[in-house]
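Visitor: the following comprises the amino acid sequence and a computationally predicted model.
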Amino acid sequence: MKFFKSTSLVVFCMLLTANVSAESSYWQRPVVKEFVNEMVKKYDFNKDELVTWFSASQKRQSIIDAMMRPAEGKPWKHYRPIFVTDKRITKGVAFWQKNQQLLAKAEAQFGVPAEIIVAIIGVETYYGRQIGRYPVIDALATLGFDYPPRATFFKKELEHFLLLARDEKLQMNQTLGSYAGAMGMGQFIPSSYRRYAVDFDNDGQRNLWQTTDAIGSVANYFKRHGWRQGEPVAVEANANGRAHEKEGRMMKPHRSLVSFRDQGLSFNKDIKTKSDQAVLVKLDGKKGTEYWIGLHNFYVISRYNHSPKYSMAVFQLSQEIKRRMQRFL
């Protein structure tokens, strides 16, 4: 009798767990069933496969929590120390040394400096050490179906991911990424993966978890967004008078360098660029407000992440890596 009670309890717990899992499964949601039917109709997906994937996928509250507290919300004086550190610089130099031929090839083919490629991979994944821990399908489903502020965007990214997984033969249950569904060493969201990833080693697959393709793809991303070879990224400025009041939120260069000078800004070095258009970047630094002039290539970096703090972190990390790397070149 005692054995019967124990067995009954075990069975009851198993049934309860199964019911909870079924209820939390995305496949039980009408909006997901509608999404699946659209994917079958538009792209000829196998419905049974999609049902299997979404039955195993579930909402993850930690993803929504992470979206609510991005690092870019920190002031510059706290944001910069996350990415521009001695350890990250040292690891960047080691990554450059190990992949020197690949980086030289990418720079020659795409016109993007090696230090920028290295810095992006360094900021995004610590040179491939931190590629993300969430199943990409869970991340995108969570944000597409349970995060109203950006649901439309992430639902579209989920669509791109399913197409990408089919085209690149990704293992759905093994494809991990960030809480925002970004993948690989360069952290490409699915739409960027499909548009800008390249098969840099010519093995028939664009694999952004593999160093060669990651390097080539980051370089291609910047080239496709208009990187200008040989031009500067940003220069530090000194503000006099009321120049700081003209700083706005627009990232794209939209004012002439002359107009910045006329309003009291002086630059710490000469600026040589095809266009005299620039943007003022104001940052809350440890020693007070920092003023920078962001040029065209600064804007190109911001196509990766629209925060000026992100672009500045990549730029400053790249310069520190380059400075230290010059000892070995």
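Guide: Arrived safely, thanks for sending.

Visitor: show me where this structure has strands.
Guide: Listed in chain order, the strands of the chain (DSSP state E) span 134-135, 176-177, 234-239, 255-256, 265-267, 277-285, 288-294.

Visitor: if I pick the residue lying closest to residue 218 once chain neighbours are set aside, what's in contact with it?
Guide: Among residues not flanking residue 218 along the chain, residue 186 sits closest, at 4.6 Å (CB to CB, 6 or more residues apart in numbering). C-beta: built from backbone N, CA, C; applies to glycine. Applying CB atoms under 8 Å, 6 or more residues apart in numbering, we find residue 186 in contact with 120, 121, 124, 125, 208, 214, 217, 218, 221.

Visitor: check those residues and tell me the two furthest apart.
Guide: Greatest spacing in those, by CB to CB: 125 and 221 (14.7 Å).

Visitor: between those two, which one's more packed in?
Guide: Neighbour tally, residue 125 and residue 221, criterion other CB atoms under 10 Å: the higher count belongs to residue 221, 24 against 21.

Visitor: got the contact list for the more buried one?
Guide: By CB under 8 Å, 6+ apart, the residues touching residue 221 are 186, 188, 192, 196, 303, 304.

Visitor: now do 6 Å
Guide: If you count contacts by CB atoms under 6 Å, 6 or more residues apart in numbering, residue 221 has them with residue 196.

Visitor: got the confidence number for residue 172?
Guide: Listed pLDDT for residue 172 reads 85.

Visitor: report how many residues lie close to it.
Guide: Neighbours around residue 172, by other CB under 10 Å: 18.

Visitor: where's it relative to residue 137, distance?
Guide: The spacing between residue 172 and residue 137, counted by CB to CB, to the nearest Å, is 6 Å.

Visitor: swap in residue 119?
Guide: Counting by CB to CB - residue 119 and residue 137 are separated by 30 Å.

Visitor: settle it for me: which of those two has more neighbours?
Guide: residue 119 (28 against 23).

Visitor: the more buried one and residue 317 touch, don't they?
Guide: Yes - the criterion here is CB atoms under 6 Å, and residue 119 meets it with residue 317 at 4.4 Å.
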